[in-house]
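Peer 1: Please find the sequence and the predicted model below.
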Amino acid sequence: MKPREVAGGGRAVEVPPERLAGFFTRFAGRHGGIVATAAGPLEVRVTAADGTTATATVPFGPLEDPSLDALVAHALVPRRIALLLVRLGSHSVGVARDGRIEVSRTGRHLVHGRSAAGGWSQQRFARRRAGQARHALQDAAKDAFEVLVPRLSEVDAVVLGGDRRALDELREDRRLTPLFARGEPRVLEVGEPSRAVLEEAAARALSVQVTLRDG
């Protein structure tokens, strides 16, 4: 995935586990070497000679032995994860082992865009749109409950993705409380959920997010 700008300045990249060691080796080579490392249970930050920093957020934390080498080893551990991706009108749920989907279910519902009309027509349109959105989220909750919740004892983590407001509405469904209780802090940014998007998210979920800031 391409680097994206982050709040507070800098850019974030997603680094696959098998490329993490090489990423930091190249980072050191480009910036005059690493002169300091600050490691904790939830993040590892290295500072280069020119002042540039690279801060890795620990996935599936905490990191028991905080160090850069430990982070690389931690990221390479094989894992089975549950994925819940939802946007207004579509969702995709599944379980993946080492980035490969084992079981999944995807749903899509028509949800009309906003109307530019005014008066009673606009109000009727808004009510219809709200009903469509509610039905779509109910279907997403049903699939998440049927596919993911029974398998929670078999997975190492839960990764969420999509629209945060839609996810927050799903949190209100008490059936999904155990699912959201295990959700990773990072929420993946994804397009309209589909089987293909789910497969991509399964691989991305294992990556380590590294934030780069110039010195």
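Peer 2: Looks like it came in fine. Numbering: from 1, shown residues only.

Peer 1: check contacts around residue 189.
Peer 2: By C-beta atoms under 8 Å, 6 or more residues apart in numbering, the contact set of residue 189 is 4, 161. Bear in mind the C-beta positions are built from the backbone N, C-alpha and C, glycine included.

Peer 1: Tell me the confidence at it?
Peer 2: Listed pLDDT for residue 189 reads 93.

Peer 1: Quick check: the gap between it and residue 66.
Peer 2: 27 Å (C-beta to C-beta, to the nearest Å).

Peer 1: In three-state terms, how would residue 161 be classified?
Peer 2: Using DSSP: H, G, I helix; E, B strand; the rest coil, the structure places residue 161 in strand.

Peer 1: Run a quick neighbour tally on it.
Peer 2: 25 (other C-beta atoms under 10 Å).

Peer 1: can you tell me which residues contact the closest residue to it other than its chain neighbours?
Peer 2: Excluding its sequence neighbours, the residue lying closest to residue 161 (C-beta to C-beta, 6 or more residues apart in numbering) is residue 188, at 3.4 Å. The contact partners of residue 188, taken as C-beta under 8 Å, 6+ apart, are 85, 159-162, 201, 204-205.

Peer 1: what would these look like in CSV with distance to residue 143 and pLDDT?
Peer 2: Putting those into CSV (distance: C-beta to C-beta, whole Å; pLDDT from 0 to 100) gives the following:
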residue, distance to residue 143, pLDDT
85, 11, 98
159, 16, 98
160, 14, 98
161, 15, 98
162, 14, 96
201, 15, 97
204, 21, 96
205, 18, 96
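
Peer 1: thinking again about what came up before, distance of the residue nearest to residue 161 from residue 63?
Peer 2: 21 Å.

Peer 1: do the same with residue 77
Peer 2: Distance of residue 77 to residue 63, computed by C-beta to C-beta: 11 Å.

Peer 1: ok, now residue 97?
Peer 2: Residue 97 sits 22 Å away from residue 63, going by C-beta to C-beta.

Peer 1: between those two, who's got more neighbours?
Peer 2: Shown here are residue 97 and residue 63; by other C-beta under 10 Å, residue 63 has more neighbours (21 against 15).
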